[in-house]
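J.: give me a model of this one.
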Amino acid sequence: MNKHKQSRIEVMNFLGKKIDSIIDEFLKKIDTNWQPTDFLPDSSSENFTAQVKELQEQCKELPYDYLAVLVGDVITEEALPTYESWLMDVEGITKHDPQGWAKWVRMWTAEENRHGDLLNKYLYLSGRINMRQMEISTQYLIADGFDIGTSTDPYKNFVYTSFQEMATNISHRRTASLAKKHGNLQLSKICGVIAADEARHAKAYKSFVSSIFEVDPSEMMIAFEYMMRKKIVMPAHFLRQAGEAIGTTFTHFSDAAQRLGVYTSWDYTEILDSLLIDWNIGNISNLDEHGEKARDYLMALPERFRKVAGRGIKAPLEYEFNWIN
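T.: This is a model prediction of the structure:
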């Protein structure tokens, strides 16, 4: 085992000693946590049919782009098996130590799993979605996997998860606001509680990075720089519909999200700004030469992003998603 990998594992083992307190701080107790059923019509109730009709009535005014973005969000959430298997392969996380980092991964996955379950059932009841086509895309996304450029490096992976959880929080908060704007208060509440989960999870992963900066600042800084040079790709960047090539559908999904303002290039820059502040990048000491150079690059990056952020906005495109009835 090389020294680089060994040092990563040693740091992860050190941080993993506090895994129970980390779980208690950032994840909720299962017995009292919300479950998808809490936000859906009760199938055992005599009023079930009336409740479904009311749900469908609220969904009639949701715009085409909104439905496309919501379906893309659902498929992203439903690809959770890929994310769990990827995290379990990270250096310092092993199934042979079920009470260490593997415990965090399992419990984080279990909490995240509720998101796809809830949104999937809601869309099924809405009557506006071609569920079979959505399910085909979900199966493709799990089968195709993904490559987020982190390899098995925990430092790079925690930068990615910090960024990604913040991005999903923004996306779900915006879909909540738009649902409310179109008179769908139930869907607004659903997207809101999911966004709250993502915010907690973002705090968790950001705290992991903060802890690593305390014990291995230069290597953590270099890993952060690496991920920002490579750029953070969305976990659904291989998204596709039946009969399409990998990634084709994701481009159209991203365009819809940009047009709606659900997630834009400006948000990418704002997340980076936030991470630079949260991790106190400008004031971290004890950096070696490579760490200092990485810090210089990172501190100058938001301004560079702002200069090009608006160029990514595209005019509406004629595109029909087969997910939408």
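J.: now the host helix or strand of residue 108: mean pLDDT?
T.: Using DSSP states H and E, the element containing residue 108 is helix 101-126. On average, the pLDDT along helix 101-126 is 98.
J.: would you mind listing the buried residues in stretch 121-131?
T.: 121, 122, 123, 125, 126, 128, 129 (16 or more other C-beta atoms under 10 Å). All C-beta atoms are positioned from the backbone trio N, CA, C, and that covers glycine.
J.: kindly apply the preceding question to stretch 81-100 instead.
T.: Neighbour counts using 16+ other C-beta under 10 Å place 82, 83, 84, 86, 87, 90, 91, 92, 93, 94, 100 of stretch 81-100 among the buried residues.
J.: just these now: which is nearest residue 193?
T.: residue 83 (19.9 Å; C-beta to C-beta).
J.: can you tell me the element the closest one falls in?
T.: Element membership for residue 83 (DSSP H and E) is helix 80-88.
J.: and residue 309, what's its pLDDT?
T.: Predicted confidence (pLDDT) for residue 309: 72.
J.: contact partners for it?
T.: Neighbouring residues of residue 309 by C-beta atoms under 8 Å, 6 or more residues apart in numbering: 264, 265, 266, 268, 269.
J.: could you do residue 137 as well?
T.: Per C-beta under 8 Å, 6+ apart, neighbours of residue 137: 75, 239, 240, 241, 242, 249, 323.
J.: next: residue 94.
T.: Contacts of residue 94 (C-beta under 8 Å, 6+ apart): 100, 101, 102.
J.: 10 Å instead?
T.: 9, 12, 16, 88, 100, 101, 102 (C-beta atoms under 10 Å, 6 or more residues apart in numbering).
J.: phi, psi for the fifth one please.
T.: It stands for residue 100. Main-chain dihedrals, residue 100, degrees, to the nearest 10: phi -100, psi -140.
J.: name the nearest residue to it, ignoring sequence neighbours.
T.: The shortest distance from residue 100 to any non-neighbouring residue, by C-beta to C-beta, 6 or more residues apart in numbering, is to residue 16 (4.4 Å).
J.: just checking, the one you found touches residue 105?
T.: No: counting by C-beta atoms under 10 Å, residue 16 sits too far from residue 105 to count as a contact (11.2 Å).
J.: thought residue 323 was touching residue 126?
T.: No: applying C-beta under 10 Å, one finds residue 323 not in contact with residue 126, separated by 11.8 Å.
J.: for the two, list the residues in contact with both.
T.: With C-beta under 10 Å, 6+ apart as the test, residue 323 and residue 126 both reach 67, 70.
J.: what about residue 155, neighbour count?
T.: 27 (other C-beta atoms under 10 Å).
J.: show the pLDDT at it.
T.: pLDDT at residue 155 comes out at 98.
J.: so who does it touch?
T.: 8, 11-12, 90-92, 208-209, 212-213, 216, 219-224, 226-227.
J.: does residue 270 touch residue 264 like I think?
T.: Yes: using C-beta under 10 Å, residue 270 makes contact with residue 264 at a distance of 9.3 Å.
J.: ok, and what's touching the helix holding residue 83?
T.: Here helix 80-88 has contacts from 76-77, 93-95, 101-102, 104-106, 108-110, 112-113, 115-117, 141-148, 150, 152, 154, 157, 160-161, 164, 235-236, 238, using C-beta under 10 Å, 6+ apart.
J.: perfect, I'm done here.
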